[in-house]
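Visitor: how does the following fold in three dimensions:
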Amino acid sequence: MILRSLELKHFGKFTERSFDFRRGFNLVVGANESGKSTMMESIPAALFGLRDKERYKPWGRQGSCEAALALENGGCTVRIERELLSDRVQLVERDDLYQVLYQFDGKAAPQGRSSERAEYLDQLNRLLAVADEDIFRSSLFFGQGDLELADRNGLTTRLKALLSGYVEVDYDQVLASLSDDYFNITRKNPWGKDKTRPRQLDELSDRIEVLQQRWFAAEQGLKELSSLREQIAALSETMEKDRENLASGERYLDWVRKQWQLEEKEGSLRKDYGRIHRESGKVEELEKRRADLEKDLAKTGLPREMPEELPPLLLEGESIRKEMVTLQAEASALQQEVAKHANPAWKRPVLISVAAVLVAVAAGLFGGAFKLPLFVLAGAATVTFWGLHLWRCFKLGGQRKDLQEKLQVVERQRDEARERRIDLSNRLEVRGLSTSPVELVRMQKNLERHRQLLGQIKEVESALQVLDNSEHLSEEKELLTRELAVLGERMEQEKPLRQEELMSAEELPRAEEQLLQLRETIRQNEQQLLDLTRREAALQGELSNLQQIEEEGEQLKEREAALLQQRDALAVAYQLLSESVDEFRRTYLERFAAEIGRYLGLLTAGRYQKVRLADDFSLSLPGRGRDWRPVESYSRGTNDAVYFAVRLALTRQLANGIPLPLLLDDPLVNLDRQRLAEALKVLERLSSEHQIILFSHDERLLKRAARDRWNVVTLDDQGGNVATAAQEGKDDGKQLSFL
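Guide: Modelled structure (predicted):
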């Protein structure tokens, strides 16, 4: 599992930055206060959230604070995004084809207890093998000057549980459960002081002793039973006869009351039938009247529910119709006048002109001395006739123009009236009414008739609302008819053969009093019988107690034997498991100490290769001779080397086969030059399995990064990555670049 990229938005001093990492050794270089520690803290913040949100709020602004991680493992990628102020988390796992394998979206606050947080931590444990922030910081997270394992929030206990396998099986809890089960059976303690409160075996012994005392007391007092049974038999016989007499009397009185009730019910039903019959007739009459009025209303051609604007529309339609008739008459008259004032025909003037020309020609040919006068006369006649003809045409043209202007005004008014009629027709069509002029005239004439009919219909409907509807009345009438028929049949069947057999109303109170006295006698006998029966049951119980006591005693002895066997089995199981747990606890710390010694030998060039680890995780190194000295008595550099080895061993133990990234924030500042070189060699060897991300302000490491082809991330103003490694994708043994 490697960290592919880190994206920060308004986190501490970072406004919006992203950083890319590669497989193998990654060096993050920056001066003091450049944000190395902030950048490193953003990784556990994205995974687990922030307890101190104020510390990393955006500097000098309000808004969101976000961090996102992109992780890669084999063919799968995991992206985790967290809004750090609200603890809203998105986790998406994809395969190599970018198909979503798992997706989580919810809240996972660092101190929350929700089911969403539990689900999120389960997924972290599956993907990273770490779901506890303290354990993450104690294994994969190497803070600046913070290599020691401080016991924060019971961290030591949780680490011991993880190292010893107690996470999967809590053996202390199993031992406690076995102990509880054992002392639930007996108070005797084979490993110490006995318990004070009695347990199951003690209570069984006390119960057996009580049963023995009861068995001796149950053999007395059985002689009364025979006499008591004779009294019970005689009393039962008397009570049987009294009950028969009581039942017979009650049946007769019930029959009498039923006859009276049937007669009363028949009268009530007949009364209701008459009322329903009258009401039904009235309803039928009103409904017929309403149907006739509805037919008359439909004939008016108007809707039942008259819109308020319909009468004005009909009046407007009638007005438009009359206006169009008037305008049509005016237009016809004007058209006739225009036709009368047409221009005179040109045929006559032309013929007269031709005749004058012919006369002039004839005069020129045959006139002799009269030639000139004839010419003058023909010309004067032609000019005079044409002058009169033109004057008449001009006069008729002026009159015709006036008539045409009037005709245009009338036609324009007629067009306007036609448009109003079309608009009126559209409004009527919207309301579902006929637009025929004949229908409009008919509806206009029927307006008053419609109002009258509608008023009469409302009066009829008001009267019907007071009454039940005809369907309900018919149902009631039919129901009453059936009830009367059934009632008549019952009365006929139960009618007495002789009229005197039916008790009168005056005799009923005395008969009821006799029945009450008989009931009281039966009640007293029942109480006496109950007392005798209780006594009999007590005597019989004393007889049966002997057998019950014997049976219960056998059961208790069997139970006692089973509890003894269970007690012995629990004692053996507790003893064996306790010894096994003690032996395991003595060895798992030794194995972990050996792993620490292996890493410490690499870091100290073989000077220290053994470590002693106490149960409280305190560490000791071999001193002179055979003495072991606490690690605190050594130099700061040796302490850092020891705790650095502890963290490396712890990371190896907790990884569960998942090569997780190691985050180091200048953890080696206290090592001397030789140990620092050895530590870097160890880290380089680890980088073949784990991704190493080393944060440092020491720019001298850049030379080694260039030599050993580390991936370098610089925290300069531009925030870009400076990769000293070769291009990605080359599988060189010494190349530690991100694949």
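Visitor: can you map out the strands along the stretch 601-739 of the chain?
Guide: Using DSSP state E, counting those that start in this stretch, the strands found in the stretch 601-739 of the chain span residues 612-613, 619-622, 628-630, 662-665, 692-696, 711-714, 721-723.
Visitor: columns mean neighbour count on top of those strands, output as JSON lines?
Guide: For the C-beta atoms, the positions are set from N, CA and C on the backbone; glycine is no exception. Converted to JSON lines, the strands of the stretch 601-739 of the chain look like this (neighbours: other Cβ atoms under 10 Å):
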{"stretch": "strand 612-613", "mean neighbour count": "20"}
{"stretch": "strand 619-622", "mean neighbour count": "20"}
{"stretch": "strand 628-630", "mean neighbour count": "13"}
{"stretch": "strand 662-665", "mean neighbour count": "22"}
{"stretch": "strand 692-696", "mean neighbour count": "24"}
{"stretch": "strand 711-714", "mean neighbour count": "22"}
{"stretch": "strand 721-723", "mean neighbour count": "16"}
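Visitor: need these in TSV (columns: mean pLDDT and distance to residue 96).
Guide: Below are the strands of the stretch 601-739 of the chain laid out as TSV (pLDDT from 0 to 100; distance: least, Cβ to Cβ, whole Å):
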stretch	mean pLDDT	distance to residue 96
strand 612-613	83	42
strand 619-622	88	44
strand 628-630	88	51
strand 662-665	87	25
strand 692-696	91	24
strand 711-714	93	22
strand 721-723	48	24
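Visitor: how about the ones you listed in TSV, adding distance to residue 557?
Guide: Output for those, formatted as TSV (distance: least, Cβ to Cβ, whole Å):
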stretch	distance to residue 557
strand 612-613	54
strand 619-622	59
strand 628-630	60
strand 662-665	67
strand 692-696	72
strand 711-714	80
strand 721-723	83
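Visitor: which SS state does residue 22 fall under?
Guide: coil (DSSP: H, G, I helix; E, B strand; the rest coil).
Visitor: burial count for it?
Guide: By the criterion of other Cβ atoms under 10 Å, residue 22 has 23 neighbours.
Visitor: could you list every helix and strand that whichever strand or helix holds residue 92 packs against?
Guide: Residue 92 belongs to strand 88-94 when assigned by DSSP states H and E. Applying 3 or more Cβ pairs under 8 Å, 6 or more residues apart in numbering; DSSP states H and E, one finds that strand 88-94 makes contact with strand 76-83, strand 100-107, helix 115-128.
Visitor: of these, which stretch is the most buried?
Guide: strand 76-83 (a mean of 19; mean count of other Cβ atoms under 10 Å).
Visitor: what sits up against it?
Guide: Strand 76-83 is contacted by residues 4, 45-47, 49, 64-72, 88-96, 101, 127 when judged by Cβ atoms under 8 Å, 6 or more residues apart in numbering.
Visitor: any low-confidence regions in the stretch 451-600 of the chain?
Guide: 470, 493-505, 542-544, 584-586 (pLDDT under 70).
Visitor: could you pull out the helices for it?
Guide: With DSSP state H, counting those that start in this stretch as the criterion, the stretch 451-600 of the chain has helices at 470-494, 508-603.
Visitor: ok so, going back, which residues sit against the strand holding residue 92?
Guide: 76-83, 100-108, 120, 123, 127.
Visitor: buried set for it?
Guide: 88-89, 91, 93-94 (16 or more other Cβ atoms under 10 Å).
Visitor: re earlier: which stretch among the strands of the stretch 601-739 of the chain comes nearest residue 403?
Guide: Distance to residue 403, taken as Cβ to Cβ, is lowest for strand 721-723 among the strands of the stretch 601-739 of the chain, at 100.3 Å.
Visitor: before we move on, the earlier item: residue 410: which of the helices and strands packed on strand 88-94 is closest?
Guide: Of those, nearest to residue 410 by Cβ to Cβ is strand 100-107, at 80.7 Å.
Visitor: so what's the gap between that closest one and the chain middle?
Guide: 18 Å (Cα atoms, centre = their mean, to the nearest Å).
Visitor: for the helices of the stretch 451-600 of the chain, give me JSON lines that also has distance to residue 425 and mean neighbour count.
Guide: Output for the helices of the stretch 451-600 of the chain, formatted as JSON lines (distance: least, Cβ to Cβ, whole Å; neighbours: other Cβ atoms under 10 Å):
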{"stretch": "helix 470-494", "distance to residue 425": "42", "mean neighbour count": "13"}
{"stretch": "helix 508-603", "distance to residue 425": "85", "mean neighbour count": "14"}
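Visitor: which ones are touching residue 353?
Guide: 382, 385-386.
Visitor: of the residues you listed, which belong to helices?
Guide: Cross-referencing the contacts of residue 353 against helices under DSSP state H gives 382, 385-386.
Visitor: still on that earlier bit, between the helices of the stretch 451-600 of the chain, which one is closest to residue 241.
Guide: Across these, closest to residue 241 is helix 508-603 (Cβ to Cβ), at 10.1 Å.
Visitor: give the other helices and strands that the closest one contacts.
Guide: Using 3+ Cβ pairs under 8 Å, 6+ apart: helix 508-603 touches helix 155-164, helix 171-185, helix 200-217, helix 225-299, strand 612-613, helix 636-654, helix 673-686.
Visitor: related to what we said a few turns ago, same list (the helices and strands packed on strand 88-94) but as TSV, adding distance to residue 280 and mean pLDDT.
Guide: Below are the helices and strands packed on strand 88-94 laid out as TSV (distance: least, Cβ to Cβ, whole Å; pLDDT from 0 to 100):
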stretch	distance to residue 280	mean pLDDT
strand 76-83	77	95
strand 100-107	70	94
helix 115-128	68	90
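Visitor: residue 403 is in contact with residue 337, isn't it?
Guide: Yes: in this structure residue 403 lies within contact range of residue 337 using Cβ atoms under 8 Å: 4.9 Å.
Visitor: neighbour-wise, which of these two wins?
Guide: The residue with more neighbours, out of residue 403 and residue 337, is residue 403; 19 against 16, by other Cβ under 10 Å.
Visitor: so for residue 603, which of the strands of the stretch 601-739 of the chain sits nearest?
Guide: strand 619-622 (12.5 Å).
Visitor: adjacent strands (with direction) for the closest one?
Guide: Strand 619-622 has the following strand partners under DSSP bridges: strand 612-613 (antiparallel), strand 628-630 (antiparallel).
Visitor: and that strand, how far out from the chain's middle?
Guide: 60 Å.
Visitor: hmm, who's touching that strand?
Guide: Contacts of strand 619-622 (Cβ under 8 Å, 6+ apart): 596, 608, 610-614, 628-631, 634, 638, 642-643, 646.
Visitor: list the buried residues for stretch 286-295?
Guide: 286, 289-290, 293.
Visitor: cool, stretch 666-674 as well?
Guide: 666-668, 670-671.
Visitor: for the nearest residue to residue 185 once chain neighbours are set aside, give me its contacts.
Guide: In this structure, residue 185 finds its nearest non-sequential neighbour in residue 567, 4.7 Å apart by Cβ to Cβ, 6 or more residues apart in numbering. Shown in contact with residue 567 (Cβ under 8 Å, 6+ apart): 182, 185-186, 201.
Visitor: and residue 73, bridged to which residues?
Guide: residue 76.
Visitor: and the pLDDT at it?
Guide: Residue 73 is assigned 87 on the pLDDT scale.
Visitor: residue contacts, it?
Guide: 1-2, 127, 658.
Visitor: can you select the buried ones from those residues in PyMOL?
Guide: Selecting only the buried entries of the contacts of residue 73 in PyMOL, with 16+ other Cβ under 10 Å as the criterion:
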select buried, resi 1+2+127
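Visitor: from the contacts of residue 73, which ones fall inside helices?
Guide: residue 127.
Visitor: in the protein, which residue is most central in space?
Guide: residue 106 (15.0 Å; Cα atoms, centre = their mean).
Visitor: tell me which residues touch the residue nearest to that one when sequence neighbours are not counted, please.
Guide: Excluding the flanking residues, the one nearest residue 106 by Cβ to Cβ, 6+ apart is residue 116, at 3.6 Å. When contacts are counted by Cβ under 8 Å, 6+ apart, residue 116 is found next to 106-108.
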